[in-house]
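Q: Below is the sequence, then the predicted model.
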Amino acid sequence: ETTSGLINDLVSVSEVVKNHNLRFIVDAMSSFGAVDVNVAELGIDFLISSANKCIQGVPGFSFIIARREALTATEGNARTISLDLHSQWKTMEKDNGKWRFTSPTHVVAAFAQELKELQKEHGIALLLITHDLALVRQYADRVALMYAGQIVEQSKVSDFFENPSHPYARLLLSAVPSADKSAQTLTGIAGSVPELSAMPSGCRFAPRCPAAKEACLQKCPAMRPTVPGRLVRCFYPDSPVTSSTTHLQKTMRSEETVLKLTDVSVTYGSRGGLFSRQKAFEAVSHATLSLARGKTLALVGESGSGKTTLGKAALGLLENATVSGSVEIAGEVAFDARGRFKRHLRSCAQIVFQDPFASLDPRMSVGELVSEGIMALCPGLSKADARRKVSELLDSVGLPSAAADRLAHEFSGGQRQRIAIARALAVEPQIVVCDEPTSALDVSVQAQILNLLREIQAEQGVSYLFITHNFAVVEFMAHEVAVCIKNCEEGVFENML
């Protein structure tokens with residue numbers, strides 16, 4: 001799902017196209033009967049125009065050239081560049097006369113409307129693979145729900161969302177966050193998806209299904225029609241499914257400001273060449289916001305608007321960038337006279353990164369990952385006390401203490417994000433920057449993580465700067481919202497939306 005690794009961040013995007021995609025472009029030209037060309041003698045514009053002429057038979061296929069340094073591109077930009085310049089050919093494949101399209105969740109919405117127009121114009125059939133139920137509801141005609149390698153329900157989109165039949169479908173939809181659920185926990189699904197090497201002998205959802213009966217444990221049900229246009233893999237579809245929610249205790253809040261950004265700008269510089277000057281790119285411009293103790297400030301905006309850059313700038317985590325303006329953490333200026341983040345403030349502010357698969361060192365045990373910050377920022381703590389604290393932290397995020405001896409790759413995505421949260425909480429911070437912590441997770445696991453973050457906030461009074469694209473999550477989590485375009489417009493949640 002990540003695309004940053006596909007793009008060399010040391011060269012311009014046009015260079016990426018020339019160096020990384022020439023063979024791809026020539027292959028595309030050759031496959032449509034183009035003559036052989038010596039790619040070294042061709043300019044990039046000629047290649048692009050020639051490729052476009054040669055592949056007019058592919059609906060919607062085009063190259064978009066961005067004349068901007070990849071070094072200054074955000075993750076969202078990287079995804080867009082990757083999709084347009086590299087992945088689109090691979091993701092639009094002809095399969096039995098139909099065009100199939102799959103794309104990363106974060107960028108597919110930007111192309112969904114265009115794809116709907118292409119459907120009308122060219123009669124394309126699209127297979128959209130996504131966790132984003134809002135996207136499914138808005139753009140799909142039919143939906144197939146999968147669980148543990150099997151399709152368990154298939155129906156029209158309207159029927160699926162208005163009257164889901166399979167117990168898993170109903171529990172999944174009840175786990176979607178919204179404003180009217182903000183006073184209670186989200187409905188989670190007990191247990192986890194079974195390992196592919198150890199599937200249950202009966203219904204694969206039976207161990208987690210509150211409506212399961214003896215027959216469900218003995219035999220796997222087949223897909224069967226329940227009403228016209230709907231197929232369900234269940235012996236007892238539409239059986240009542242009870243789910244429990246609890247009201248959250250009130251968060252420890254105050255009007256004390258724990259994070260204050262005033263007129264913050266972030267500028268990247270690109271290297272000059274023999275015949276070009278060094279260029280500067282302003283990723284964030286004059287952003288001002290504040291975060292009070294025990295509250296959640298959601299930072300929203302489109303891909304490339306500077307949300308993650310601003311969050312990292314607040315914690316002094318940016319390299320090769322110039323940060324200007326004022327950052328105050330717990331009432332103290334965060335940067336010294338030489339522009340370095342003050343070390344003793346590291347324990348006041350931590351971050352949970354977006355990708356739980358990339359943010360944890362695969363060579364370190366979970367115990368080492370969680371205790372790393374403790375040992376670095378609390379040098380007076382003994383190893384025995386550190387181990388005890390790691391056990392308490394793992395317990396607080398719903399993981400057994402035995403997990404401390406295992407490696408991160410042995411855990412699921414949701415469990416890895418719990419480890420990342422435990423690591424962030426290890427030094428008892430006042431502020432946690434949550435950089436899209438649930439974007440890579442399905443709805444049921446997302447509900448578990450959001451519930452966990454809310455519970456921790458209620459118990460410890462932690463403040464969250466919550467970066468997200470998901471407005472349903474904003475409705476559930478946020479007390480205030482800041483909209484990031486190039487600077488930030490801040491306001492109370494009810495007024496903003």
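A: Nice, I can see it. Predicted model, so just to flag it, every value in this text is computed and none were measured. Residues are numbered from 1 along each chain as shown.
Q: Look up which residues are beta-bridged to the residue lying closest to residue 314 once chain neighbours are set aside.
A: Counting by CB to CB, 6 or more residues apart in numbering, residue 327 is the residue found nearest to residue 314 once chain neighbours are left out, at 5.5 Å. C-beta coordinates here come from the backbone N, C-alpha and C atoms, glycine included. With DSSP bridges as the criterion, residue 327 is bridged to residue 261.
Q: Correct me if wrong: residue 327 contacts residue 313.
A: Yes: the pair residue 327 / residue 313 is scored as a contact, 7.3 Å apart, by CB atoms under 8 Å.
Q: and residue 193, that one's in a strand?
A: No: counting by DSSP: H, G, I helix; E, B strand; the rest coil, residue 193 is not part of a strand but coil.
Q: show me what contacts it?
A: 147-148, 412 (CB atoms under 8 Å, 6 or more residues apart in numbering).
Q: Just name the lowest-scoring one in these, pLDDT-wise.
A: Minimum pLDDT for the contacts of residue 193 is recorded at residue 412 (81).
Q: got the phi/psi numbers for it?
A: The phi/psi pair for residue 412 (degrees, to the nearest 10) reads phi -70, psi 170.
Q: Just give me the neighbour total for it.
A: Neighbours of residue 412 under the rule other CB atoms under 10 Å: 14.
Q: list the contacts for the nearest residue to it once chain neighbours are set aside?
A: Spatial nearest neighbour of residue 412, excluding adjacent residues (CB to CB, 6+ apart): residue 192 at 6.2 Å. Shown in contact with residue 192 (CB under 8 Å, 6+ apart): 208, 412, 414.
Q: List just the nearest of the contacts of residue 193 to residue 158.
A: Nearest to residue 158 among the contacts of residue 193: residue 147, at 21.3 Å, using CB to CB.
Q: List the contacts of the closest one.
A: 168, 193, 204-205.
Q: now do residue 327
A: Residue 327 makes contact with 260-262, 264, 313-314, 316, 333-335, according to CB under 8 Å, 6+ apart.
Q: repeat that with 6 Å
A: Counting by CB atoms under 6 Å, 6 or more residues apart in numbering, residue 327 makes contact with 261, 314, 334.
Q: how many neighbours does the last one have?
A: Yep, that's residue 334 we're talking about. 23.
Q: Without its sequence neighbours, what residue ends up closest to it?
A: Spatial nearest neighbour of residue 334, chain neighbours left out: residue 327 (4.2 Å); criterion: CB to CB, 6+ apart.
Q: Tell me the spacing between the one you found and residue 318.
A: Separation of residue 327 from residue 318 (CB to CB, to the nearest Å): 12 Å.
Q: ok, back up a step: among the contacts of residue 193, which one lies nearest to residue 307?
A: For the contacts of residue 193, the nearest to residue 307 is residue 412 (26.3 Å; CB to CB).
Q: where's that closest one relative to residue 445, distance?
A: 8 Å.
Q: Grab the most central residue of the protein for me.
A: residue 439 (2.4 Å; CA atoms, centre = their mean).
Q: Is that one located within a strand, as I assumed?
A: No: Residue 439 is assigned coil when assessed by three-state DSSP, not a strand.
Q: measure it to residue 470 for me?
A: Separation of residue 439 from residue 470 (CB to CB): 7 Å.
Q: do the same with residue 337
A: 40 Å.
Q: do the same with residue 224
A: Counting by CB to CB - residue 224 and residue 470 are separated by 34 Å.
Q: who has more neighbours, these two?
A: residue 470 (21 against 12).
Q: related to what we said a few turns ago, what is in contact with residue 412 and residue 445 at once?
A: With CB under 6 Å, 6+ apart as the test, residue 412 and residue 445 reach no residue in common.
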